[in-house]
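Visitor: Model the following, please.
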Amino acid sequence: GNPPQVVVVVGGTDPRGYLEPLVTASLDAHPTARVTAVCTNATQATSLRDRGGAPHRLLVEPPIRDLPIRFISADLVVTAAGTTATEAVIVGAPSALIRAVGNQGPVYDALVGSGSAYGLSRDGEATSVRDHIETVLGDAQLRLRMTHNAHWLLDGSGALRIITAMEAIVGDRNNASDFV
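Guide: Here you go, the predicted structure:
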């Protein structure tokens, strides 16, 4: 069949340098995988381009404005458990997540715990990230289950609910001032 398409994006400034090891793990996990690495800075991009190996398997790109659209055609999105992870899950992209920073714990726990994403940050487990990515790429049913579970967890309408709630609060304040 076609080589699996993997998008790796950590987001932000990647202060702990997770992007490069995740790209390497993704390339090593499958002999024909095509990996798109979304880099946030030129130094990172240069380092990835200069790494050697099979350049036809690695596409290095700057931040992509339509990233969720790119996720739709990916077999796997490897990312940190922040906003990008929720974007991937909302569009139904099978995702493998890391906890890049402490405040990502709740998103990580919710997405992995519901079966909507695959957890790469597993406490007390010796299995390598590469092996986890290989597991996900090799199991089409697992990726399908993640997409199905995500459909029931996130509907993509959260922002609308927040705006509606805020409008109701502002409306209540405006109405209350009429009585003061």
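
Visitor: Does residue 133 lie in a helix or a strand, and which?
Guide: helix 129-137 (DSSP states H and E).

Visitor: Give me the helices and strands touching that helix, please.
Guide: helix 19-29, strand 76-80, strand 95-98, strand 118-119, helix 140-153 (3 or more Cβ pairs under 8 Å, 6 or more residues apart in numbering; DSSP states H and E). Every C-beta, even on glycine, is put in place using the N, C-alpha and C of the backbone.

Visitor: Go again with 10 Å.
Guide: strand 5-9, helix 19-29, strand 76-80, strand 95-98, strand 118-119, helix 140-153 (3 or more Cβ pairs under 10 Å, 6 or more residues apart in numbering; DSSP states H and E).

Visitor: Let me have these in a markdown table, extended by distance to residue 57.
Guide: Output for these, formatted as a markdown table (distance: least, Cβ to Cβ, whole Å):
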| stretch | distance to residue 57 |
| --- | --- |
| strand 5-9 | 10 |
| helix 19-29 | 6 |
| strand 76-80 | 14 |
| strand 95-98 | 18 |
| strand 118-119 | 21 |
| helix 140-153 | 20 |
